[in-house]
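In: Return a 3D structure for these sequence lines:
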Amino acid sequence: MDYLWRGILSIIFVGFIHVYCVAENDLSSLELVHIVFRHGDRTPVEAYPNDPYKNSSLWPVGWGQLTNEGKRQHYALGQFFRRRYGKFLSPLYSKDEVHVRSTDVDRTLMSAESNLAGLYPPQGNQIWEEGITWQPIPIHTLPESLDQILAGKKPCPRYEYEFKKSKELPEIKMLNEESKELYKYLTEKTGKLVHDIESVEFLYNTLTIEERFNFTLPEWTKGVYPDKMEYLAAFSFTLPTYTKELQRLKMGPLISEMMDHFIKKKDGTLSPSQRKLFMYSAHDTTIANLLMTFGLFNPPFSPPYTSTILLELHRSSSDNYYVSLLYKNGTKAEEVIELTIPGCVQHCPLDHFVEIMSPLVPVDWKRECSMRYDDDDSAINAFGIAAPIPLHDVAIITVITSAATALLLAVSLIIFLVYWCKRRDSPHWYYKLSTEGP
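Out: Prediction:
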């Protein structure tokens, strides 16, 4: 766990910090806030083949599900948001004031529900049943395969190509080479192929959860867990956004949405105009990817349950707008850490924030995702010509080619029929006579 804390402390001490206590906050300048958090405590997503705790009866809520502790964690986090933003948000829930979005995963949806129970307990005419201090609040989601903004899992061929290419970088190849014996050992002991950094993290995560549930880990883990696996597990969180191109394709859509909200709030065009809060319920990878994209994830660490990023828009007394970026490391601490985005000051002027982040925002995400490449980095079009060509353009070419082929076949058929009819009317055209009687 030492590496985890070194990563967290780096955020606190490596030149980018200011710690605020909730009670001391003056948020009178606050105009709009985005909250992005990881879900709460969960069960393992799945067991490994030789796992002594793979019997599903040991995990009654099911694999990868939010636990009661996770519900309590997010209820407490919602209460924290109420304390921090109590003078900014209305005490009563309003659909115009808050918009909540979650990835389409049980544990993130349930975390959002638990969080909102702490943030918006029903009051006054919103109490709908005596003794129930909870009210239903809409949570919006999309299937992960359609969600490029929060889940980041909508298919993107260009991203997959860049991700594969990043694994060939010298430092990644060296790390895999240095870890070969560990991979071999883990594969032998677990009965599951462990062949790269991500598969180590997946196993590390399962062992961590089992340990937290007070299960005795197998004897073979003592030589490798947590020490030999911890760094690789933490480093794995850098991989999805390891390069600027990966950051642009993976996190650009979310950052673009946040920037758009800020700009419209400043210009008075945000709809509804009463909107004050956008809440996003997501995963550890979401937190890591955002921090990586902001340039604030070195050294890396495994974001704990309920870790939270707050992106706030403020308006100064002189009507200047600026952005504050804050991080909260789970539910136990009341403090939030104010970070400084590299290239800007702590209270980053909105225009400068947009200027810094714009290179990481796709102009046309769908078009950029559709770029195809060969092994030599050259895009290949339908005619074998090396040129960048989007897949939807290839589809257009295919349609045109198919139409031309169909037209050619139709013309050929007409010519054949005309020729056949002329031959039939010719005096040299004979019918076969029947030799059978009437």
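In: In contact with residue 90, which residues are there?
Out: residue 97 (Cβ atoms under 8 Å, 6 or more residues apart in numbering). Every C-beta, even on glycine, is put in place using the N, C-alpha and C of the backbone.
In: Tell me the pLDDT of residue 1.
Out: The predicted local distance difference test score for residue 1 is 50.
In: let me fix that: residue 125
Out: If you check residue 125, the pLDDT there is 96.
In: Then the one 4 residues further on?
Out: Among the per-residue scores, residue 129 shows a pLDDT of 96.
In: roughly how far is stretch 234-245 from the heart of the chain?
Out: Taking the mean of its C-alpha atoms, stretch 234-245 sits 12 Å from the chain's own mean (Cα atoms, centre = their mean, to the nearest Å).
In: Direction included, what does the host helix or strand of residue 311 pair against?
Out: Here residue 311 sits within strand 308-315, counting by DSSP states H and E. Next to strand 308-315 in the sheet, as set by DSSP bridges, lie strand 30-38 (antiparallel), strand 321-328 (antiparallel).
In: so what does whichever helix or strand residue 184 is part of touch, helix or strand wise?
Out: Secondary-structure assignment from DSSP H and E places residue 184 in helix 180-190. Helix 180-190 is packed against helix 197-212, helix 227-235, with contacts defined by 3 or more Cβ pairs under 8 Å, 6 or more residues apart in numbering; DSSP states H and E.
In: returning to that earlier point: in JSON lines: the strands paired with strand 308-315, plus mean pLDDT and distance to residue 315.
Out: As requested, the strands paired with strand 308-315 are arranged in JSON lines below (pLDDT from 0 to 100; distance: least, Cβ to Cβ, whole Å):
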{"stretch": "strand 30-38", "mean pLDDT": "98", "distance to residue 315": "5"}
{"stretch": "strand 321-328", "mean pLDDT": "98", "distance to residue 315": "5"}
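In: would you turn the ones you listed into CSV with mean neighbour count?
Out: As requested, the strands paired with strand 308-315 are exported to CSV (neighbours: other Cβ atoms under 10 Å):
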stretch, mean neighbour count
strand 30-38, 23
strand 321-328, 22
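In: To residue 105, which of the ones you listed lies closest?
Out: strand 30-38 (11.6 Å; Cβ to Cβ).
In: List the contacts of that closest one.
Out: If you take Cβ under 8 Å, 6+ apart as the criterion, strand 30-38 is touched by 74, 77, 81, 85, 88, 111, 115, 258, 261-262, 265-266, 270, 275-284, 286-287, 290, 303-315, 321.
In: Point out the ones among those residues that are inside strands.
Out: The strands in this structure, assigned by DSSP state E, contain 277-282, 308-315, 321 from the contacts of strand 30-38.
In: Return the member of these nearest to residue 179.
Out: residue 282 (28.4 Å).
In: Tell me, how many residues neighbour the closest one?
Out: The number of residues packed near residue 282 is 25, by other Cβ atoms under 10 Å.
In: Residue 111 is in contact with that one, correct?
Out: No: assessed by Cβ atoms under 8 Å, residue 282 is found out of contact with residue 111, at 9.2 Å.
In: Give the residues shared as contacts by the two.
Out: The overlap between the contact sets of residue 282 and residue 111 (Cβ under 8 Å, 6+ apart) consists of 37, 39, 102.
In: which residues sit against the helix holding residue 184?
Out: Under Cβ under 8 Å, 6+ apart, the answer for helix 180-190 is 48-51, 176, 193-196, 199-200, 203, 218, 220-221, 224, 228-229, 232.
In: With stretch 135-153 instead?
Out: When contacts are defined by Cβ under 8 Å, 6+ apart, stretch 135-153 is touched by residues 93, 95, 98-105, 109, 112-113, 116, 120-122, 126-128, 154-156, 240, 250-251, 253-254, 257, 280-282, 286, 289, 365.
In: Of the residues you listed, just the buried ones, ChimeraX syntax please.
Out: Here the buried members of these are turned into a ChimeraX selection, burial being counted by 16 or more other Cβ atoms under 10 Å:
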select :93,98,99,100,101,102,103,104,105,109,112,113,116,120,121,122,154,156,240,250,251,253,254,257,280,281,282,286,289,365
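In: Out of the contacts of stretch 135-153, which sit inside helices?
Out: 109, 112, 113, 116, 250, 253, 254, 257, 286, 289, 365 (DSSP state H).
In: count of neighbours near residue 229?
Out: Around residue 229 there are 23 residues (other Cβ under 10 Å).
In: That one against residue 202, yeah?
Out: No: counting by Cβ under 8 Å, residue 229 does not reach residue 202; the two are 10.6 Å apart.
In: In contact with residue 357, which residues?
Out: Neighbour list for residue 357: 255, 259 [criterion: Cβ under 8 Å, 6+ apart].
In: let's go with 10 Å and repeat that
Out: Each residue near residue 357 by Cβ atoms under 10 Å, 6 or more residues apart in numbering is listed here: 251-252, 255-256, 258-259, 293-294, 323, 341, 343-344, 348.
In: Span of stretch 262-277 from start to end?
Out: 11 Å (Cα to Cα, to the nearest Å).
In: Run through who's touching it.
Out: Contact partners of stretch 262-277, identified using Cβ under 10 Å, 6+ apart, comprise 30-35, 81, 85, 88-90, 94-100, 119, 260-261, 311-313, 315, 319, 321, 323, 350-351, 353-354.
In: Verify the contact between residue 303 and residue 292 for me.
Out: No: distance between residue 303 and residue 292: 11.1 Å, which falls outside the contact criterion (Cβ atoms under 10 Å).
In: Count the residues that sit near residue 355.
Out: 13.
In: and if you look at residue 118?
Out: Burial of residue 118, expressed as a neighbour count using other Cβ under 10 Å, amounts to 20.
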